[in-house]
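**Q** Dropping a prediction and its sequence here:
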Amino acid sequence: MYRLLALSTLLSLAALAGPARAAEASPFQLALVTPVQIVPADEAVAGLRLSLIYGRNTDVTGLDAGLVNHATGSFTGLQWGLVGIVEKDFLGWQNTFINLTGGKMTGFQYGLYNKAARVEGLQVGLVNQAGTIHGLQLGLVNIIEQGGWLPVMVLVNGNFN
């Protein structure tokens, strides 16, 4: 667990170091409920984003904490809270009760319900769902729509091809 946290932190710091990314993104976001937030929803955040109730931005890099965290683009780093939504690709650790990634999730999803279009890594939760996977699912119900060991399995499912 600590290794995953360390990996997520390093990925976040590496992404923050990129000059192109930092030039286009705000280093801090505080949101009550979108649109009541410091940085407009159509802008990126690279640093710390705090969503007291619901926060939405385009691309997010770094630490994302709050009740409902929504990235309409891609995400790199650690997402922590009640609900995490990433519409495109996710890289890092998604640690909310409900994790939803519309694109490729590379890293670790930990929650009650985890869903990603493509998983490259590990999903741990009560219910895990992946369109396709190169990795492992651990949970009560594990669903892989294409290419898993079985479409639905109890306790463990995956694919390493």
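**A** Everything's here; your move. Numbers count the residues shown, from 1 in each chain.
**Q** How is the protein partitioned into domains?
**A** 1-88, 109-161 (automatic domain parsing).
**Q** mean confidence for the longest one?
**A** Taken as a whole, domain 1-88 has an average pLDDT of 84.
**Q** Measure how far that domain is from the centre of its chain, please.
**A** 10 Å (Cα atoms, centre = their mean, to the nearest Å).
**Q** On the strand side of things, show who the residue positioned nearest the centre of the chain bridges to.
**A** The residue lying closest to the centre of the chain (Cα atoms, centre = their mean) is residue 94, at 4.0 Å. Note on residue 94: beta-bridge partners by DSSP bridges are residue 79, residue 109.
**Q** again with the one 10 residues further on
**A** Partner residues in beta bridges with residue 104, using DSSP bridges, are residue 118.
**Q** and what of residue 130?
**A** Going by DSSP bridges, residue 130 is paired in beta bridges with residue 116, residue 144.
**Q** pLDDT score assigned to it?
**A** Looking at residue 130, its pLDDT is 98.
**Q** State whether it and residue 121 are indeed in contact, as I suppose.
**A** No - with contact defined as Cβ atoms under 8 Å, residue 130 does not count as touching residue 121 (10.1 Å). The way it works is simple: take the backbone N, C-alpha and C, and place the C-beta from them, glycine included.
**Q** Which one of these two is surrounded by more residues?
**A** residue 130 (29 against 20; other Cβ atoms under 10 Å).
**Q** what's the more buried one in contact with, if anything?
**A** 115-119, 123, 137, 143-145, 148 (Cβ atoms under 8 Å, 6 or more residues apart in numbering).
**Q** Equivalent analysis for residue 32, please.
**A** Applying Cβ under 8 Å, 6+ apart, the residues contacting residue 32 are 52-53.
**Q** May I ask which helix or strand encompasses it?
**A** strand 25-33 (DSSP states H and E).
**Q** Surely residue 100 touches residue 85?
**A** Yes - at 4.9 Å, residue 100 counts as touching residue 85 under the criterion of Cβ under 8 Å.
**Q** quick one: the helices in this structure?
**A** Ranges of helices in the chain, per DSSP state H, are 2-17, 19-24.
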